[in-house]
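Undergrad: quick one, what's the 3D model for this:
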Amino acid sequence: MADIDDMDAAQAKGEQLNSEAVAAQLAGIRVAAAMPGTDDCVGCGSEIEEARRRAQPSARRCLICQQAAERRGHLGRGA
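TA: Numbers count the residues shown, from 1 in each chain. Reported below is the predicted structural model:
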């Protein structure tokens, strides 16, 4: 019987985490929509691709600039 209780608790925790993740994503969308100029990349000034904005509403860089920033970050750590 304890195994069933453990599985129920794990399922409830998973559902809670999923709900929190969805709420955070929706909050990011609302914040991004309310901020003027969030469609423009902070790196190069070009418009952030629509697909990227949908996938990552809080994105501040276009895909190319984000990849470059990540490469710089990895290189700075010796990786």
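
Undergrad: need the helices for the protein, in chain order.
TA: Assigned by DSSP state H, the helices in the chain fall at 2-34, 50-55, 63-76.

Undergrad: roughly how far is the first one from the heart of the chain?
TA: Between the mean C-alpha location of helix 2-34 and the chain-wide mean there is a distance of 15 Å, by Cα atoms, centre = their mean, to the nearest Å.

Undergrad: so for stretch 65-75, what gets flagged as buried?
TA: Judged by neighbour count (16 or more other Cβ atoms under 10 Å), stretch 65-75 contains these buried residues: 65-66. All C-beta spots, glycine's among them, are computed from the backbone N, C-alpha and C.

Undergrad: what's in contact with that stretch?
TA: Contacts with stretch 65-75, where a contact means Cβ atoms under 8 Å, 6 or more residues apart in numbering, come from 41-44, 59, 61.

Undergrad: and these, which two are the farthest apart?
TA: Farthest apart among the contacts of stretch 65-75 by Cβ to Cβ are 44 and 59. That separation is 13.2 Å.

Undergrad: which of these two has more residues huddled nearby?
TA: A direct count of neighbours by other Cβ atoms under 10 Å for residue 44 and residue 59 places residue 59 higher, at 21 against 13.

Undergrad: what's the pLDDT at the most centrally placed residue in the chain?
TA: Taking Cα atoms, centre = their mean, the centroid of the chain lies closest to residue 56, which sits 4.9 Å from it. Turning to residue 56, the model gives it a pLDDT of 89.

Undergrad: ok, it - contacts?
TA: By Cβ under 8 Å, 6+ apart, the contact set of residue 56 is empty.
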